[in-house]
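1. sequence below, structure please.
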Amino acid sequence: MASTLEAVQAEALQLSTADRTLLIDRLIASLGTPPAVEEAWAIEVAQRLADAADDPTSWLPGPETLEKIKNDYR
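-> Numbering: from 1, shown residues only. Next comes the predicted model:
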């Protein structure tokens with residue numbers, strides 16, 4: 001098995017960065033996520049959406065915010 005693993009790794013390292021990233025995502029997804037983790041994330045997402053809906057004034061425009069942060073740390 002080690003030689004097979006080494007062969008797969010050697011082949012994977014020949015892929016582009018984008019393809020290696022996609023491969024990593026697929027391998028991680030193949031491990032599965034415990035139902036408790038999925039449920040916890042669903043609860044967190046629902047809470048964040050509710051918080052955002054309750055206070056839309058706290059939303060910040062992405063590009064402008066990033067530019068401000070960059071300027072603050074130059």
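2. relative to Ile69, how far out is the residue most central in space within the chain?
-> Nearest residue to the geometric centre of the chain (CA atoms, centre = their mean): Asp25, 9.1 Å. Taking CB to CB, to the nearest Å as the criterion, Asp25 is separated from Ile69 by 28 Å. In short, each C-beta sits where N, CA and C put it, glycine included.
3. with Gln14 instead?
-> Plainly put, Gln14 is 37 Å away from Ile69 if you go by CB to CB.
4. per-residue pLDDT, the residue nearest to the centre of the chain?
-> Confidence per residue is given as pLDDT, and for Asp25 that number is 91.
5. same check, this time on Ala53
-> Predicted confidence (pLDDT) for Ala53: 87.
6. how near is it to Ala46?
-> Distance, Ala53 to Ala46, by CB to CB: 11 Å.
7. with Thr21 instead?
-> Note on Thr21: its distance to Ala46, by CB to CB, is 29 Å.
8. just Pro63 next, same as before
-> 27 Å.
9. between those two, which is the more surrounded one?
-> The residue with more neighbours, out of Pro63 and Ala46, is Ala46; 10 against 7, by other CB atoms under 10 Å.
10. just the element for that one, please.
-> Take DSSP states H and E as the rule and Ala46 turns out to sit in helix 35-54.
11. pretty sure Trp59 sits against Ala52.
-> Yes. With the criterion set as CB atoms under 8 Å, Trp59 and Ala52 qualify as a contacting pair; they are 6.9 Å apart.
12. where does pLDDT dip in the protein?
-> 1 (pLDDT under 70).
13. let's see 80
-> 1-2, 56-59 (pLDDT under 80).
14. tell me where it has helices.
-> For the chain, the helices defined by DSSP state H cover 2-12, 17-30, 35-54, 62-72.
15. so what touches the first one?
-> Going back to what we said before, that points to helix 2-12. For helix 2-12, the external contacting residues (CB atoms under 8 Å, 6 or more residues apart in numbering) are 20, 23.
16. which parts of that helix are buried?
-> By neighbour count with 16 or more other CB atoms under 10 Å, helix 2-12 contains no buried residues.
17. so that helix versus helix 17-30, what angle?
-> With axes from the mean of the first three to the mean of the last three CA atoms, to 10 degrees applied, the angle from helix 2-12 to helix 17-30 works out at 140 degrees.
18. alright, that wraps it up for me.
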